[in-house]
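Q: Could you look at this predicted model? Sequence included:
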Amino acid sequence: MGREQWKKIWVGSAGNMVEWFDWFVYASFAVYFADSFFPKGNDTANLMNTMGIFAVGFFMRPVGGWLLGRVGDRQGRKAALTLTVTLMSASAILIAVAPTYAVAGYGGVAVLLIARMLQGLSVGGEYAASATYLTEASAPGRRGFASSFQYVSMTAGQLLGLGLQIVLQRTMSEEALHSWAWRIPFIIGALGAAIVFYLRRNMLETEVYAQDDSAHSDPARGTVKALWAHKREAFLVIALTMGGTVAYYTYTTYLTKYLSGSAGMAKPTASLVSFCALFVFMCIQPLAGRLSDRIGRRPLLITFAVGSTFLTVPIMTLLQHAGSFWPALGLSLLALLVVTGYTSINACVKAELFPTGIRALGVALPYAIANALFGGTAEYVALWFKKGGMESGYYWYVAGCAAVSLIVYITMRETKTIDLNRVKPAEETHVSSPSGV
């Protein structure tokens, strides 16, 4: 892999890291600011309200996927990536200055909601733009390896958030964290986004996109009408994402709250378990991505789905009774090792399904829909089961979603050997569309 390709991967990953730092600190610090925006009362109910707003961000992701996917296909991957980080910076600033319930009543909730909507727009486009950029920027035989850095950077962003949380937990009082210190990560996220904005303004476009002859001549490029011509691939993206996104959010953003709220661990210990598990998880992504370049994408996806289907219930049950750091860490690592079969390669698998002119939108919109339905609601569903006294029901829900995706993985085609420059556009993509929906 040449120097220029590494440069493209680095710039794309750095921006992705900041994007997901901002996205995940909302979830990881929610236990501290949930009571700031709602009347004092039931802690679980306030956390559910806060995570409900978190879910709203996911429901904006299809809009962001459509809008920024269109920009990525019509104006270039660079343009889409620059726009996503701008939106994320604005949302982080809004959360950092949002007034509490004591100051502005439900006005603070309104500010929080607007910020999460902006984050949803941003991340809805960021995933596809980043997945497309990293896949196109790599050599044909190393796409799995290169695209795995998407989850390396995503996890690095979350680790920075968790690391900051651990530092704040150990240097500040519980009262300070609940009162004002929870704003610190959002200020840091806004500053980081400003730096990445500068980097992305000077990033290089991918050769696959630059060499595409229809980049400026096809009026249907990057439109929903063009995507509908690839509806089979679009539905495939939704189905193969279903199990992976639920499992991923269960063992990443929800894990800390599960260990502290259900397993009875102290918050600092729960955060340290998540931090250590995610660090190992981050390090093995490129290894799994490289393995997929050798043996194919389907074997890894099938391994994930089988493992998640049959191991989720016992892992979550044992985690609830883990009691201390090492047993919880071992179980968390096992769960994330299984999830790696999905996370390390799902970006390139989706990008490999579509031709260049519809690749960004083709990845963005179906993936965002799947995340809105399953990923964004995962924590809320988990808390709903807990509040209803049926917490184990959530374990079966995660396993069921993985079972559905398993059927898809078994029946889908292998994408490892596909030439990105020669993915055949459907005939319908050439229809004239003056405005393009």
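A: Structure received.
Q: what ranges of this structure fall below the confidence cut-off?
A: 1-2, 41-46, 51, 213-217, 422-437 (pLDDT under 70).
Q: What segments of the stretch 51-200 of the chain are helices?
A: 61-74, 77-97, 101-104, 107-136, 143-147, 149-171, 174-179, 184-201 (DSSP state H, counting those that start in this stretch).
Q: export these to a markdown table and tack on distance to Gly264 and mean neighbour count?
A: Just so you know, the C-beta spots here come from the backbone N, C-alpha and C atoms, and that holds for glycine as well. What follows is the helices of the stretch 51-200 of the chain, written out as a markdown table (distance: least, C-beta to C-beta, whole Å; neighbours: other C-beta atoms under 10 Å):
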| stretch | distance to Gly264 | mean neighbour count |
| --- | --- | --- |
| helix 61-74 | 33 | 26 |
| helix 77-97 | 29 | 23 |
| helix 101-104 | 28 | 13 |
| helix 107-136 | 29 | 26 |
| helix 143-147 | 39 | 29 |
| helix 149-171 | 17 | 21 |
| helix 174-179 | 17 | 14 |
| helix 184-201 | 26 | 19 |
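Q: between the ones you listed, which one is nearest to Ala328?
A: Taking C-beta to C-beta, helix 149-171 is the member of the helices of the stretch 51-200 of the chain nearest to Ala328, at 14.4 Å.
Q: tell me what that closest one is packed against?
A: helix 3-28, helix 107-136, helix 184-201, helix 267-295 (3 or more C-beta pairs under 8 Å, 6 or more residues apart in numbering; DSSP states H and E).
Q: want to try CSV for those helices, with distance to Ala378 as columns?
A: As requested, those are exported to CSV (distance: least, C-beta to C-beta, whole Å):
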stretch, distance to Ala378
helix 3-28, 10
helix 107-136, 15
helix 184-201, 21
helix 267-295, 15
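Q: out of those, which comes closest to Asn346?
A: Among the helices and strands packed on helix 149-171, helix 107-136 sits nearest to Asn346 (C-beta to C-beta), with 8.2 Å.
Q: now the helices for the stretch 201-350 of the chain?
A: So, for the stretch 201-350 of the chain - with DSSP H, counting those that start in this stretch - the helices run 207-210, 224-228, 231-251, 255-261, 267-295, 297-320, 325-343, 346-351.
Q: which of the ones you listed sits most buried?
A: Of all the helices of the stretch 201-350 of the chain, helix 346-351 has the most neighbours on average by mean count of other C-beta atoms under 10 Å, namely a mean of 29.
Q: Give me the contacts around it.
A: Defining contact as C-beta atoms under 8 Å, 6 or more residues apart in numbering, one finds that helix 346-351 is touched by 127, 130-132, 134-136, 143-144, 146-148, 150-151, 237, 240-241, 244, 289, 292, 297, 301, 359, 362-363, 366-367, 415, 420.
Q: Repeat that for stretch 84-100.
A: Residues beyond stretch 84-100 that count as contacts (C-beta under 8 Å, 6+ apart) turn out to be 15, 18-19, 22-23, 26, 36-37, 64, 68, 107-108, 111-112, 114-116, 118-119, 121-123, 125-126, 129, 183, 186-187, 189-190, 193-194, 196-197, 200.
Q: how close does the nearest residue to Leu160 once chain neighbours are set aside get to Gln158?
A: Excluding the flanking residues, the one nearest Leu160 by C-beta to C-beta, 6 or more residues apart in numbering is Phe21, at 5.2 Å. Remark: distance between Phe21 and Gln158 (C-beta to C-beta, to the nearest Å) = 7 Å.
Q: What of Ala139?
A: Taken as C-beta to C-beta, the span from Ala139 to Gln158 is 28 Å.
Q: Kindly report the same for Gly108.
A: Per C-beta to C-beta, Gly108 is found 25 Å from Gln158.
Q: Equivalent analysis for Val25, please.
A: 8 Å.
Q: Arg170 too?
A: Distance, Arg170 to Gln158, using C-beta to C-beta: 19 Å.
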